[in-house]
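Novice: Okay, here's the prediction I keep looking at, along with the sequence it came from:
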Amino acid sequence: MMAAAGHRVLAIGDVDPVAIRTLLSRHGLVLHEVPDAAGIPGSYWGEPEAGVIADGVYARADTPVHSLLHEACHLIVAPAERRALIHTDASDSQEEEDAACYLQILLADALPGVGRERLMADMDAWGYSFRLGSTRAWFERDAEDARTWLAARGLLPD
């Protein structure tokens with residue numbers, strides 16, 4: 001999948017599906033693999049972006065890994081009582097949005113062949129925007145609020 005300046009963004013079809021399922025299951029989530037060219041249930045931005053419904057993350061082989069992780073992280077950071085009610089639009093606040101962005105970068109390290117460096121490059125190529133101009137700059141120098149928010153809820157990975 002191509003994004004800005006010819007950068008090929010990793011899609012979930014490029015990643016070991018067992019690793020994805022294992023990562024999601026550690027957080028009480030289920031991956032629902034959608035057939036090629038089928039609509040993606042719960043996709044806020046439309047195909048090929050991932051969708052969310054309750055504890056399910058919906059994606060096709062062409063769904064960007066960053067999208068799958070971002071939407072999964074919205075479910076991870078949502079309190080259980082709200083998670084059960086989520087359908088398509090998972091964001092509750094700017095703080096929660098920032099926490100989801102930060103956590104998706106951390107969780108990328110759990111996927112062989114992905115990792116935070118590649119994920120941040122894909123996020124930049126896809127068009128995520130941060131005050132300091134790049135995902136890396138935000139992650140390294142401007143994300144203290146996101147780290148604090150995640151830490152207060154016990155959501156920072158070991």
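Specialist: Alright, I've got the coordinates.

Novice: would you say Leu31 is within a strand?
Specialist: Yes - checked against DSSP: H, G, I helix; E, B strand; the rest coil, Leu31 lies within a strand.

Novice: what's the distance between it and Val65?
Specialist: Leu31 sits 12 Å away from Val65, taking C-beta to C-beta, to the nearest Å as the criterion. Where you see a C-beta, it was placed from the backbone N, CA and C, and this is true even at glycine.

Novice: Between those two, which is the more surrounded one?
Specialist: Val65 (26 against 20; other C-beta atoms under 10 Å).

Novice: contacting residues for the more buried one?
Specialist: Applying C-beta atoms under 8 Å, 6 or more residues apart in numbering, we find Val65 in contact with 9-12, 14-15, 108, 111, 114, 119, 122.

Novice: One more pass at 6 Å, please.
Specialist: For Val65, the contacting residues are 10, 12, 15, 114, by C-beta atoms under 6 Å, 6 or more residues apart in numbering.

Novice: Which residue, other than its chain neighbours, is closest to it?
Specialist: Spatial nearest neighbour of Val65, chain neighbours left out: Leu10 (4.5 Å); criterion: C-beta to C-beta, 6 or more residues apart in numbering.
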